[in-house]
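**Student:** fold the following for me, if possible:
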Amino acid sequence: MAGDYLKRIQEETGKIQEQRYQEVGTPGELGARARSRDLISAAAYEASLPTADKYLAQTTGKSDQFEPVKQAAKQQVTQAQIEYAKALLGAIQKPKPTVAETPSWAQKTV
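**Tutor:** Numbering: from 1, shown residues only. From the prediction side, this is the model:
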């Protein structure tokens with residue numbers, strides 16, 4: 001009887017977990033959404049960087065003081081794109097709830 005009760009609890013837990021996945025999303029989908037936000041943030045930061053000042057080169061001889069920051073921002077966007085692509089592949093997989101067999105201690109011996 002205890003084994004049957006344990007199995008029913010696991011089945012009910014699986015149903016609740018499935019409902020949660022439908023409402024909120026699977027862990028893979030949540031990760032993909034987070035990587036999407038990271039990608040958008042990195043792209044927005046890159047777009048917000050100032051462009052080169054044409055008068056700076058004429059007055060100081062420096063061509064673009066923001067070039068190192070722009071390169072770093074491009075690398076961040078590239079890395080975010082890679083992580084987002086990996087997360088999308090992981091979002092395809094949906095974990096299944098575990099329902100164990102009747103444990104040995106709960107099996108009838110008679």
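**Student:** from here on, contacts and neighbour counts on C-alpha atoms
**Tutor:** Noted.
**Student:** can you tell me how far the spatially most central residue of the chain is from residue 84?
**Tutor:** Nearest to the geometric centre of the chain sits residue 31, at 1.8 Å (C-alpha atoms, centre = their mean). The gap separating residue 31 from residue 84 is 9 Å, by C-alpha to C-alpha, to the nearest Å.
**Student:** can you give me the buried ones in stretch 69-76?
**Tutor:** Using 16 or more other C-alpha atoms under 10 Å as the test for burial, stretch 69-76 gives 70, 73, 74, 76.
**Student:** go on, stretch 21-41?
**Tutor:** 21, 25-26, 28-33, 35-36, 38-39.
**Student:** hang on, the earlier thing: any idea which helix or strand carries the residue nearest to the centre of the chain?
**Tutor:** Element membership of residue 31 [criterion: DSSP states H and E] is helix 27-48.
**Student:** so the residue nearest to the centre of the chain touches residue 87, yeah?
**Tutor:** Yes: counting by C-alpha atoms under 8 Å, residue 87 is a contact partner of residue 31 at 6.2 Å.
**Student:** which strands and helices sit next to the lengthiest helix in the chain?
**Tutor:** The helix that spans the most residues within the chain, counting by DSSP state H, is helix 67-92. In terms of contacts (3 or more C-alpha pairs under 8 Å, 6 or more residues apart in numbering; DSSP states H and E), helix 67-92 is packed against helix 27-48.
**Student:** CA atoms only: put the helix it packs on into PDB for me.
**Tutor:** Provided in PDB are the C-alpha atoms of helix 27-48 (Å, rounded to 0.1, in the frame of the first residue of the first chain):
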ATOM      1  CA  PRO A  27      14.100  25.200 -17.400                       C
ATOM      2  CA  GLY A  28      15.500  25.300 -20.900                       C
ATOM      3  CA  GLU A  29      12.900  27.800 -22.100                       C
ATOM      4  CA  LEU A  30      13.600  30.000 -19.100                       C
ATOM      5  CA  GLY A  31      17.300  29.900 -19.900                       C
ATOM      6  CA  ALA A  32      16.700  30.800 -23.500                       C
ATOM      7  CA  ARG A  33      14.700  33.800 -22.400                       C
ATOM      8  CA  ALA A  34      17.500  34.900 -20.100                       C
ATOM      9  CA  ARG A  35      20.100  34.500 -22.800                       C
ATOM     10  CA  SER A  36      17.800  36.500 -25.100                       C
ATOM     11  CA  ARG A  37      17.700  39.400 -22.600                       C
ATOM     12  CA  ASP A  38      21.500  39.200 -22.300                       C
ATOM     13  CA  LEU A  39      21.800  39.500 -26.100                       C
ATOM     14  CA  ILE A  40      19.500  42.400 -26.300                       C
ATOM     15  CA  SER A  41      21.300  44.200 -23.500                       C
ATOM     16  CA  ALA A  42      24.700  43.600 -25.100                       C
ATOM     17  CA  ALA A  43      23.400  44.900 -28.500                       C
ATOM     18  CA  ALA A  44      21.800  47.900 -26.900                       C
ATOM     19  CA  TYR A  45      25.100  48.800 -25.100                       C
ATOM     20  CA  GLU A  46      27.000  48.500 -28.400                       C
ATOM     21  CA  ALA A  47      24.500  50.700 -30.100                       C
ATOM     22  CA  SER A  48      24.800  53.300 -27.400                       C
END
